[in-house]
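K.L.:
I need the structure of the sequence given here:
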Amino acid sequence: MGIHRGAADDQVPAQAGPPLTTILWLVAGYLLGATPTSYLAGRLARGIDLREHGSKNLGATNVYRLLGWTYAIPVAVIDIAKGAVPVLLAPPQPAWLRVAVGAAAVLGHMFSPYVRFRGGKGVATAAGMFLALAPVALLLAIPVWTLCVWLTGYVSLSSILAALSVPAWIRLLGGGGGGPDSTYVFGASVVLALLIIFAHRRNIVRLAQGTESRFRSRGSRPVP
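P.N.:
Residues are numbered from 1 along each chain as shown. Model (predicted):
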């Protein structure tokens, strides 16, 4: 006697798309990361658009050069928080979500709709993301950045080398702690390191030409 299967049994359930809550988390991470901290600091301090002065970059280094430590330190702290806070608040499941929310925050910082998609280079916000996801790897990357700045005075070169060191540290340490999101953490670190290098492409050209501005040189004052 054959077994009769109804039409409903023959239907394969359609794969559901991303839940609405997942999409909302990604959008929230992007919009938080897009908050133009440096731009707001320039407007509040001197009524200027930092994209038209100094290095013309919306980052803490340019804030320091134009506005001093009083504004540069809060800007850097907020930019780091923009990467860390969304990751810490996002749900742990699915395993890739926290990584994706952090990456969305970095992309928001770099391509902010509030300033016509001309944001910063993503270094501080990416640092905040990995401070939440792989803190030991991030802390090991900080001496790389510090030593390079001390030896060369080039923040751009130091940022590139520090960004490249993060995937190496994550791999050596077992993928950011060995949790369920370890593969995603390592993958995101590689992609973001490449993206940060791309964001510094003009700096790389100036470094090759010997025309890149130094943040400081050994035994000298910072270059304005």
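K.L.:
where along the chain do the helices fall?
P.N.:
Ranges of helices within the chain are 7-10, 20-33, 37-46, 60-67, 69-89, 97-110, 123-133, 135-152, 155-172, 182-199, 201-209, based on DSSP state H.
K.L.:
Tell me which of those helices lies nearest to residue 52.
P.N.:
Nearest to residue 52, of all those, is helix 37-46, at 9.1 Å by Cβ to Cβ. Bear in mind the C-beta positions are built from the backbone N, C-alpha and C, glycine included.
K.L.:
Show me the contact partners of stretch 150-164.
P.N.:
Contacts to stretch 150-164, defined as Cβ atoms under 8 Å, 6 or more residues apart in numbering, come from residues 61, 121, 123, 126, 141-142, 144-146, 148-149, 192-193, 196-197, 200, 203-204, 206-207, 212, 214-218, 223.
K.L.:
do stretch 199-217 as well
P.N.:
Contacts of stretch 199-217 (Cβ under 8 Å, 6+ apart): 55, 61, 110, 121-122, 149, 152-157, 159-160, 197, 222-223.
K.L.:
mind listing what's buried in it?
P.N.:
199, 200, 203, 207, 212, 213, 214, 215 (16 or more other Cβ atoms under 10 Å).
K.L.:
Quick check, pLDDT for residue 19.
P.N.:
For residue 19, the pLDDT comes out at 84.
K.L.:
Let me see the contact set for it.
P.N.:
For residue 19, counting by Cβ under 8 Å, 6+ apart, there are no contacting residues.
K.L.:
ok, it to residue 87 distance?
P.N.:
Distance, residue 19 to residue 87, by Cβ to Cβ, to the nearest Å: 19 Å.
K.L.:
same check, this time on residue 120
P.N.:
Distance from residue 120 to residue 87, by Cβ to Cβ: 18 Å.
K.L.:
And for residue 35?
P.N.:
16 Å.
K.L.:
out of these two, which sits in the more crowded spot?
P.N.:
residue 87 (22 against 19; other Cβ atoms under 10 Å).
K.L.:
The more buried one is in contact with residue 103, isn't it?
P.N.:
No: assessed by Cβ atoms under 8 Å, residue 87 is found out of contact with residue 103, at 9.5 Å.
K.L.:
between the two, what contacts are shared?
P.N.:
residue 129.
K.L.:
mind checking which helix or strand of this protein has the lowest mean pLDDT?
P.N.:
Every helix and strand of the chain was ranked by mean pLDDT, DSSP states H and E. The lowest is helix 7-10, at a mean of 48.
K.L.:
Tell me how far residue 114 lies from residue 23.
P.N.:
Residue 114 is 20 Å from residue 23, by Cβ to Cβ.
K.L.:
cool, and residue 160?
P.N.:
Applying Cβ to Cβ to residue 160 and residue 23 gives a distance of 33 Å.
K.L.:
before we move on, what about residue 120?
P.N.:
From residue 120 to residue 23 the distance is 25 Å (Cβ to Cβ).
K.L.:
Could you do residue 68 as well?
P.N.:
Distance from residue 68 to residue 23, by Cβ to Cβ: 40 Å.
K.L.:
Low-confidence stretches in the chain?
P.N.:
1-18, 175-180, 216-224 (pLDDT under 70).
K.L.:
Could you report the neighbour count for residue 23?
P.N.:
11.
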